[in-house]
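**Q** The following block contains a protein sequence and its predicted model.
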Amino acid sequence: PAAAVRDLTSGGAHLSLDALGSPVTSAASVNSLRRRGRHVQVGLLPSPDGNTPVPLARAIALELELLGSHGMAAHTYPAMLELVRAGTLRPDLLVTSTITLDAAPAALAAMGGAPAAGVTVIEPWA
């Protein structure tokens with residue numbers, strides 16, 4: 001994917017963002033950048049030993065900027081929720097499937113495979 005992005009953008013993206021939290025997608029995101037590009041990592045990357053490999057040789061050679069974010073600060077939730085209430089933000093459009101609580105263990109086990117598009121919502125009352 002990184003090589004395809006570099007080809008399609010004539011040298012690489014100016015900005016990449018990974019919110020999936022996968023070491024593979026994070027590395028591909030960094031590897032897709034052009035010189036002096038910027039990568040934003042939203043959320044933590046899970047790893048057994050607490051260390052996630054990042055292509056630092058590329059980051060240094062191309063003078064890339066790597067930024068981390070835990071996400072939205074809690075004090076900004078009311079304004080965001082007002083945008084949802086008003087219909088300006090539509091998080092419902094991200095939901096691609098709903099499952100019952102009984103189906104949750106299988107869905108969690110499947111998360112180790114290829115990521116699916118969208119968000120699955122567990123409806124424990126269904």
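**A** Good, I have the coordinates.

**Q** Low-confidence stretches in this structure?
**A** Residue ranges of the chain with pLDDT under 70: 114-115, 126.

**Q** Which strand in it has the most residues?
**A** Scanning the chain for the strand with the most residues, using DSSP state E, yields strand 33-42.

**Q** how about the nearest residue to residue 1 once chain neighbours are set aside, secondary structure?
**A** Spatial nearest neighbour of residue 1, excluding adjacent residues (C-beta to C-beta, 6 or more residues apart in numbering): residue 28 at 4.9 Å. Every residue, glycine included, has its C-beta placed from N, CA and C. State at residue 28, reduced to three classes by DSSP: H, G, I helix; E, B strand; the rest coil: helix.

**Q** Could you report the neighbour count for residue 28?
**A** Other residues within reach of residue 28, judged by other C-beta atoms under 10 Å, total 18.

**Q** Helix or strand next in line after the longest strand of the chain, which one?
**A** helix 56-61 (DSSP states H and E).

**Q** Taking the centroid of this structure, which residue is nearest it?
**A** For the chain, the residue sitting closest to the mean C-alpha position, by C-alpha atoms, centre = their mean, is residue 19 at 1.5 Å.
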